[in-house]
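Chemist: Below are the sequence and a predicted model; questions follow.
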Amino acid sequence: MGLFGKFAYSAGRWTPGAPTAVPFLLVDVHDSDVATVDYRAADASGGRFFLGYEPRFYFDERDAAFPVDVGAEAEGFARWVKEASGGDVEATAVQQLMASPEGAPPEDETVEETVDRLVALAGLPPVEWPTDDDAPAG
């Protein structure tokens, strides 16, 4: 079983659960295969995209939602990065990390790896992923 959890970046730091301020970035990880990424700017603009798989492919319900407009969301996220951290990120680099609207398998083994790549690209501090203290060694 993979990781399930919500991680929010706001006020310059990551916290588990909900954001504490605007602008924010909220990453909701489902079974290490899907990450829903919500971003909001101070003016309440924002968007949503997915890393790993779009849920409609992961749950085999292709007609459950429209495909994400990855070009528009990549542009929106690049604007969010500029406002939230003053960073400059190329929308095409963001788009390469997004879940395929056609359902192609992701490049990374787990969605946490893709989140790490997105966060680094945005110039944000790394997410502190929970560890399983009960996991066997090795």
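Modeler: Received it, and whenever you're ready, just let me know what you need.

Chemist: and after the longest helix seen in the chain, which helix or strand comes next?
Modeler: Taking DSSP state H as the criterion, the chain has its longest helix at helix 70-85. Counting by DSSP states H and E, the element after helix 70-85 in chain order, helix or strand, is helix 91-97.

Chemist: which residues are contacting that following helix?
Modeler: For helix 91-97, contacts defined as CB atoms under 8 Å, 6 or more residues apart in numbering pick out 51, 70-71, 73-75, 77-78, 114, 117-118, 121. Where C-beta positions appear, they are placed from N, C-alpha and C, glycine not excepted.

Chemist: Most neighbours among these, which one?
Modeler: When neighbours are counted by other CB atoms under 10 Å, Phe77 leads the contacts of helix 91-97 with 27 neighbours.

Chemist: What residues does that residue make contact with?
Modeler: Per CB under 8 Å, 6+ apart, neighbours of Phe77: 37, 39, 47, 49, 89, 91, 94, 122.

Chemist: Also Gly2?
Modeler: Taking CB under 8 Å, 6+ apart, one finds 29-33, 110 in contact with Gly2.

Chemist: now it: how far from Ala35?
Modeler: Going from Gly2 to Ala35 by CB to CB, to the nearest Å gives 11 Å.
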